[in-house]
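>>> Mind looking at a prediction? Sequence and model below.
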Amino acid sequence: MSSDSLTTDSQLVTDIVIGGGYAAAAVVETGDLLEIVDLEGQQVCDLIAFASLDRREWLSMSHTRASTLRLNLAPGDALQSNWRRTMLEVLTDDVGMHDLITQMCDARRYRFDYNVEDHRSCRTNFTEVLEPWGIQEWEMPDPLNVFQNAPIHADRTFGNQVPTSVAGDSIVFRVVMPMIVAGSACPQDLNPCNGFLPSPIGLKVWRARTADGRS
């Protein structure tokens, strides 16, 4: 769904460009549309969310997998919380390839697997941007890896390939409960998951217009 088609009934209330390797957070309300845009192509956006009313409830990939019985997403899918309540619904999807398995990158990943110190990571990114809400590093749930190309093979192993998304591709979710959402334009540049070159992600929030045209 393009931005042009969203403007008829909705107004853009949040428009964030997340720099490659960094993150951002936003508050969304029930009925909002959350759009994640790959601005330049071949870039993963790790996405996590916490319920605004009780941060002990968060977007859970394990509960979502159990609900959908699939390892990918499609329009109409409901993304579940750890309390088995729907938090997001997939409205439209330009790419059709996402990952619901892989944990977010962290400092230990770069240290243990790549022998690299002081590399930015999605876990560090989320810790930084969620600090205003008092959410700490240990509280980060497994992410939805938007646009990540991790195909499942016949022997039940899974790969890690360059994303198929191109510049301007997006996925749009309908927000089902008030929540804090955070997206990280994954800084991984040592394997193919971001085409070896992290780039920006767009995070947009659309809100229904009222009778007087305001959101």
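Nice, thanks for sending it over.
>>> Run through the protein and note the low-pLDDT ranges.
The chain contains residues with pLDDT under 70 at 1-7, 211-215.
>>> so where do the strands sit in it?
Assigned by DSSP state E, the strands in the chain fall at 10-18, 23-28, 33-38, 45-51, 78-80, 86-93, 144-146, 169-175, 179-185, 201-208.
>>> And the residue lying closest to residue 150 once chain neighbours are set aside, how close does it get to residue 145?
Leaving aside its sequence neighbours, residue 150 sits nearest to residue 99 (C-beta to C-beta, 6 or more residues apart in numbering; 4.2 Å). Backbone N, C-alpha and C define where each C-beta goes, glycine included. Separation of residue 99 from residue 145 (C-beta to C-beta, to the nearest Å) stands at 4 Å.
>>> Which residues are in contact with each of those two?
residue 44 (C-beta atoms under 8 Å, 6 or more residues apart in numbering).
>>> got a list of what residue 164 touches?
Here residue 164 is in contact with 95, 97, 147, 149 (C-beta under 8 Å, 6+ apart).
>>> correction: residue 66
Contacts of residue 66 (C-beta under 8 Å, 6+ apart): residue 80.
>>> Could you do residue 159 as well?
Counting by C-beta under 8 Å, 6+ apart, residue 159 touches 149, 150, 151, 153.
>>> Buried members of those residues into PyMOL, please.
Filtering these down to the buried ones (16 or more other C-beta atoms under 10 Å) takes a single PyMOL command:
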select buried, resi 149+150
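>>> which ones are touching the residue nearest to the spatial centre of the chain?
Per C-alpha atoms, centre = their mean, the C-alpha nearest to the average position across the chain is that of residue 47, at 2.4 Å. For residue 47, the contacting residues are 36, 59, 143, 144, 145, 146, 181, 182, 183, 184, by C-beta under 8 Å, 6+ apart.
>>> nearest to residue 170, of the contacts of residue 159?
Ranked by distance to residue 170 (C-beta to C-beta), the contacts of residue 159 are led by residue 149 at 16.1 Å.
>>> is it true that the closest one touches residue 102?
No. Using C-beta atoms under 8 Å, residue 149 is not in contact with residue 102; the gap is 11.0 Å.
>>> Common neighbours of these two, please.
By C-beta under 8 Å, 6+ apart, residue 149 and residue 102 have these common neighbours: residue 160.
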